[in-house]
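Peer 1: I'd like to go over a predicted model; first the sequence, then the structure.
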Amino acid sequence: PIYLDYNATTPVDQHVLKEMLPWFTERFGNAASRTHLYGWEAADAVADARQQVAKLIGATEKEIIFTSGATESNNLALKGAYEAAGAERRHIITVVTEHKAVLDACQHLEALGAEITYLTAAPDGLINLRQIEQALRPDTLLVSVMYANNEIGVIQPIADIGALCRANGVFFHTDATQAAGKITVGVEYDCVDLLSLSAHKLYGPKGVGALFVRKGTNLTAQLDGGRHERGLRSGTLNVPGIVGFGKACRLAAATMPTERERLKTLRDQLEKEILETVADVRINGNQEKRLPQTTNLSFEGVDGEALLMAFNRIAVSNGSACTSALVEPSYVLKALGVPDDLAHASVRFSLGRFTTEEEIAETIQHVQEVVARLRA
Ligand code: PLP
């Protein structure tokens with residue numbers, strides 16, 4: 001089937017793989033080995049990758065902590081900041097449409113005594129500055145708002161939120177897993193203190209990520225041991241993965257301007273033709289402030305499960321979580337006020353580097369046929 005689930009994960013780019021391979025075999029050294037060439041060359045490779053990751057988000061190398069992915073980065077950001085803060089800073093502000101790695105980390109902290117404000121997004125998925133302003137308290141430690149949503153692609157007003165947080169002396173964390181590599185992300189412009197990244201969303205390998213930690217942002221490590229990564233994340237570095245992540249960031253930065261336009265054209269074409277030729281389809285989320293390669297469509301009057309089963313020529317997702325036998329509609333769409341049956345009949349199409357015009361044409365045709373058949 002045609003792969004249109006790039007927001008779930010991306011294939012490793014051939015150029016990335018090629019760069020990674022030697023670091024599994026002949027150059028297998030431990031980047032923490034200080035006594036021989038094997039260690040030195042691994043440390044150099046990690047330093048180079050760190051520079052590439054930092055560059056993609058406008059950070060300095062010293063501010064990048066390598067992790068196992070965005071789940072770990074989000075956990076380290078929230079739990080680490082909470083643990084390092086004093087008893088007078090126990091309040092965190094976040095949004096109901098965040099990724100589970102943020103929401104569940106918040107829930108974990110709630111059990112430890114944190115107070116969490118969960119803001120609701122508007123029906124178009126956006127939150128506004130006033131909501132955050134009103135939620136701020138003297139004991140607020142941190143605000144966590146994702147850069148771009150994985151299900152609907154909506155891009156939050158990150159620079160405005162960052163400026164507000166800075167003016168109020170509150171840390172600002174953003175999960176930029178879906179934004180980095182697709183749109184311009186800059187930790188200075190956006191006034192971000194903590195930012196989560198994952199390599200496998202930008203054509204790097206799975207199981208590698210990073211947390212940007214601005215100088216002066218106090219965190220307590222969540223993994224203790226050999227004091228790697230400035231003591232914030234112990235554990236032998238995944239050198240091949242980190243090398244791949246660095247290369248992936250370099251490629252993403254180089255291709256972003258053209259890819260952004262190419263994918264937006266294809267996404268818009270997909271959306272426009274489906275909306276014009278298939279009745280009762282609606283787009284979920286704000287249409288302007290959105291990632292260029294994501295669209296989330298609801299098909300009225302179609303059974304959601306039957307719809308996804310019938311899409312056998314495309315690989316798409318409905319963002320729903322399967323809990324044993326129960327298929328729950330997406331909590332993101334529900335939070336936007338989409339009714340359950342419509343949320344079930346919603347499909348996320350996410351395009352990427354290897355999506356072609358022919359694939360989009362075939363997808364449009366397939367969607368037309370499937371929906372017509374199910375509605376008949
Ligand atoms: N945050 C967002 C917004 C995501 O889309 C994902 C991907 O599933 C994650 C976090 C988790 O990233 P990882 O798979 O690297 O743990």
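Peer 2: Ah, there it is. Numbers count the residues shown, from 1 in each chain.

Peer 1: isn't Cys106 right up against Ile92?
Peer 2: Yes - with contact defined as Cβ atoms under 8 Å, Cys106 counts as touching Ile92 (6.2 Å). For the C-beta atoms, the positions are set from N, CA and C on the backbone; glycine is no exception.

Peer 1: so what sits against both of those two?
Peer 2: 78, 114, 116, 144 (Cβ atoms under 8 Å, 6 or more residues apart in numbering).

Peer 1: find me the pLDDT at the closest residue to the ligand within the chain, would you?
Peer 2: Nearest residue of the chain to the ligand: Gly69, at 2.7 Å (Cβ to the nearest ligand atom). Listed pLDDT for Gly69 reads 98.

Peer 1: returning to what we had before: neighbour count winner among Cys106 and Ile92?
Peer 2: Neighbour totals were compared for Cys106 and Ile92, and Ile92 leads with 28 against 22 (other Cβ atoms under 10 Å).

Peer 1: residues contacting that one?
Peer 2: By Cβ under 8 Å, 6+ apart, the contact set of Ile92 is 78, 82, 106, 109, 114-117, 140-144.

Peer 1: out of those, which are buried?
Peer 2: 78, 82, 106, 109, 114, 116-117, 140-144 (16 or more other Cβ atoms under 10 Å).

Peer 1: take those and keep only those in helices.
Peer 2: 78, 82, 106, 109 (DSSP state H).

Peer 1: got the residues of the stretch 101-250 of the chain near the ligand?
Peer 2: 101, 146, 150, 175, 177-178, 198, 209 (Cβ under 6 Å from any ligand atom).

Peer 1: run a quick neighbour tally on the closest residue to Lys62 other than its chain neighbours.
Peer 2: If the residues on either side of it in the chain are set aside, Lys62 comes closest to Lys215, at 7.2 Å by Cβ to Cβ, 6 or more residues apart in numbering. Lys215 has 8 neighbours, counted by other Cβ under 10 Å.

Peer 1: which residue is nearest the middle of the protein?
Peer 2: Central residue of the chain (Cα atoms, centre = their mean): Thr177, 2.4 Å from the mean position.

Peer 1: just give the closest residue to it, not the sequence neighbours.
Peer 2: Ala70 is the one closest to Thr177 (Cβ to Cβ, 6+ apart), at 4.2 Å.

Peer 1: same question, Gly337
Peer 2: Pro123 (5.1 Å).

Peer 1: isn't the one you found up against Ala335?
Peer 2: No - the pair Pro123 / Ala335 is not scored as a contact, 9.5 Å apart, by Cβ under 8 Å.

Peer 1: which of those two has more residues huddled nearby?
Peer 2: A direct count of neighbours by other Cβ under 10 Å for Pro123 and Ala335 places Ala335 higher, at 18 against 13.

Peer 1: which residue is the nearest non-sequential neighbour of that one?
Peer 2: Per Cβ to Cβ, 6+ apart, closest to Ala335 is Val96, 4.6 Å.

Peer 1: what of Leu211?
Peer 2: Excluding its sequence neighbours, the residue lying closest to Leu211 (Cβ to Cβ, 6+ apart) is Ser73, at 4.0 Å.

Peer 1: in three-state terms, label that neighbour for me.
Peer 2: With DSSP: H, G, I helix; E, B strand; the rest coil as the basis, Ser73 sits in helix.

Peer 1: count of neighbours near it?
Peer 2: Residues contacting Ser73 under the criterion other Cβ under 10 Å number 30.

Peer 1: what do you get for Leu119?
Peer 2: For Leu119, using other Cβ under 10 Å, the count is 18.
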